[in-house]
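Novice: kindly return the folded structure for what I paste below:
(one chain, ligands or ions: 1)
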Amino acid sequence: MAKLTIKNPATGEFLGEAPILSEFEVKSAVAIALKAYPSWRDLGFEGRASLLLKARSLLLTRMEELSILVSKENGKPLLEAIAQDVMLLMEVITYYAKNTKKILRKEKVRVGKWAFMGHHSHIEYEPRGVIGVIGPWNYPVSNPFGPAVMGLMAGNAVLVKPSEFTPLTALKVGEIFHAAGIPKNIFQIITGDGSTGAALLKSGVNHISFIGSVKTGKKIMALASETLTPITLELGGKDPLIVCSDADLDLASSAAVWGAFSNSGQVCASIERVYVHESILDAFTHMVVEKTKKLKQGPSLSPTTDLASMTAPMQVAIVEKHVEDAKAGGAHVLFGGTRRRDLGPQFFTPTILSNVNPNSLVMRDETFGPILPLVPFKTENEAIAMANDSPYGLNAYVWTRDVERGMRIASQIQAGTVNVNESLFSFGVPQTPWGGVKESGLGRTHGTIGLMDMVTMRHVYVNKRPSKKNSFWWFRYSGNKVEMLEGLCWMLFGSGLERLRGFWRYWRSSRKVSTL
Ligand code: NAD
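Specialist: Numbers count the residues shown, from 1 in each chain. So this is what the prediction gives:
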């Protein structure tokens, strides 16, 4: 059987192996899940919540073991593995275990005037069946397992296809969920590479929740179109930060440094473009450079490490290419700009650029690495236009002391989430929707709206007082019926006297019609 060999990206230490499941194996896994899912659905919200809360307790007691594995496999600092992966998953479990029943309760639809004729309408939600989640490597716990928890709580069986860079973490989370009593046929980890992900799309799953790059997202959409499989796409970003002239510069510069360099910039919502008002550019730049100089790069498991190794060799190559391209376009490297080969093959220095050409790669394509380009602006409108000048639209950031102004700017930015005076945070708040506009994706995860992707909607329409009189538009048709309906239209949609005349036509002809 083909296998993935996993090594610590910082040290090359061998960490383990994971199978690359074939198309046949993926199909078998989906068939097992499809057969098993009704028992999970019938367990009810309380039954499922109690097992997921047990999984949360185990995540808590095994937090150290899991976050060390994340840190070793992905390369990120231990603190980030705890705060942004394991803690975040526990937060997601808490919210959906407590709220899914309420969010998915039967919902009455008000039908206006038709209610006078005894009409009633409501919506019921049903699990889809089997949800496939395909995840990236940058948040190997919180990214794929957030949608997985939502899918499970809604009553679905879930198959998670983790990134080929982080299968060991996913297998560990699977082990923890199974130890909590979530059945193995309901929750499966199917390890492998892109071919395993593609096989999942061809294997009869009822929904795909994909978190990854725009390039793969487009392939997923094409594959899903063959079977009309519904999809949620959480894709890349090129998130802008606008620093207004009235911003608290100390706070805004700290937020920018953290938002750009956390997880070595390998965050979909990383701050990748910084627009600074010209009046504060020098002071802000000075603060950002001085704070970046203080960051410590080193081994991921050291509690004092701020930035550790990047995860994937091809990503470091992209970062290098973006720096070189920016330099060729006239950019000045104010700090960093090179690898730290003394620390390991994939360490890259946090890098600050100024005088960047707006057409350079670092301003247009997702870098997904530790680069912070600074660009001055003169007016609010100019900053908004530059922020919106991108094919991406995941997150955006505004820093100002005037919250009203921040919200006014936010309303004009094309992004799934705009944060005012915050940095990278809202993904950690499962009550809030997460997703992008433009090429950053389709649909949302988290919030009540994200849960809706995990269910199908059944609309039930009931006439509590059915009668031929109340169904006068049925057969048989006649000139009087035409007259009656025209009168009804004028009565409903006309104005003033027209409505009165409409009523007269309706009433006069209604006495001469009959229904089969
Ligand atoms: P990727 O697109 O290379 O891979 C993502 C997953 O897709 C992996 O599991 C991979 O094996 C699988 N895959 C690859 N080819 C496939 C195919 N043809 N069919 C089905 N599955 C296939 O992305 P990545 O490099 O792992 O992750 C980084 C990207 O993810 C960045 O662009 C980042 O912005 C994005 N991301 C987005 C969010 C978000 O919430 N919007 C969150 C995290 C990461």
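
Novice: outline the domain layout of this protein.
Specialist: In the assignment given by automatic domain parsing, the structural domains of the chain cover 22-235+448-458, 239-429, 469-510.

Novice: out of those, flag the one nearest the ligand.
Specialist: Taking C-beta to the nearest ligand atom as the measure, the domains of the chain were each checked against the ligand, and domain 22-235+448-458 came out nearest at 2.2 Å. In short, each C-beta sits where N, CA and C put it, glycine included.

Novice: quote the end-to-end distance of the closest one.
Specialist: Length of domain 22-235+448-458, first residue to last, C-alpha to C-alpha, to the nearest Å: 35 Å.

Novice: apart from its chain neighbours, what residue comes closest to F347?
Specialist: The shortest distance from F347 to any residue that is not its chain neighbour, by C-beta to C-beta, 6 or more residues apart in numbering, is 3.9 Å, and that residue is R340.

Novice: my read: the one you found touches T349, true?
Specialist: Yes: counting by C-beta atoms under 8 Å, R340 does reach T349; the two are 5.7 Å apart.

Novice: can you check which residues contact both of these two?
Specialist: Contact criterion C-beta atoms under 8 Å, 6 or more residues apart in numbering; residues bridging R340 and T349 by contacting each: Q297.

Novice: between the two, who's got more neighbours?
Specialist: Neighbours around R340 and T349, counted as other C-beta atoms under 10 Å, are more numerous at T349. The numbers are 23 against 16.

Novice: circling back to that earlier point, got the domains of the chain as CSV, with mean pLDDT columns?
Specialist: Formatted as CSV, these follow (pLDDT from 0 to 100):
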stretch, mean pLDDT
domain 22-235+448-458, 98
domain 239-429, 98
domain 469-510, 97
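
Novice: CSV please, covering those domains and showing distance to G441.
Specialist: Rendered in CSV, the data for the domains of the chain read as follows (distance: least, C-beta to C-beta, whole Å):
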stretch, distance to G441
domain 22-235+448-458, 4
domain 239-429, 7
domain 469-510, 39
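
Novice: let me have the ones you listed in CSV, adding distance to the ligand as columns.
Specialist: Conversion of these to CSV gives the following (distance: least, C-beta to the nearest ligand atom, whole Å):
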stretch, distance to the ligand
domain 22-235+448-458, 2
domain 239-429, 3
domain 469-510, 44
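
Novice: looking at those domains, spot the one closest to L4.
Specialist: Relative to L4, the nearest member of these by C-beta to C-beta is domain 22-235+448-458, separated by 5.4 Å.

Novice: where along the stretch 351-500 of the chain do the strands fall?
Specialist: Counting by DSSP state E, counting those that start in this stretch, residue ranges of the strands within the stretch 351-500 of the chain are 351-354, 371-377, 395-399, 417-420, 441-442, 455-463.

Novice: okay, those strands, which one's buried deepest?
Specialist: With neighbours defined as mean count of other C-beta atoms under 10 Å, those peak in mean count at strand 395-399, which reaches a mean of 29.

Novice: and for K113, the neighbour number?
Specialist: When neighbours are counted by other C-beta under 10 Å, K113 comes out with 8.

Novice: cool, and S225?
Specialist: 10.

Novice: next one: the one 4 residues further on
Specialist: For T229, the count of nearby residues is 21 (other C-beta under 10 Å).

Novice: wait, it touches H207, no?
Specialist: Yes: with contact defined as C-beta under 8 Å, T229 reaches H207; the gap is 6.8 Å.

Novice: so what's the closest residue to A283 other than its chain neighbours up against?
Specialist: What sits nearest to A283 in space, not counting adjacent residues and going by C-beta to C-beta, 6+ apart, is L249, at 5.8 Å. The contact partners of L249, by C-beta under 8 Å, 6+ apart, come to 243, 280, 283-284, 287.

Novice: from T61, how far off is the residue nearest to F347?
Specialist: In this structure, R340 lies at 36 Å from T61, with C-beta to C-beta, to the nearest Å as the measure.

Novice: so I93 sits in a strand?
Specialist: No: according to DSSP: H, G, I helix; E, B strand; the rest coil, the state of I93 is helix, so it is not within a strand.

Novice: immediately after the lengthiest helix in the chain, which helix or strand?
Specialist: Assignment by DSSP state H gives helix 23-42 as the longest helix of the chain. The element immediately downstream of helix 23-42 (helix or strand, assigned by DSSP states H and E) is helix 44-61.
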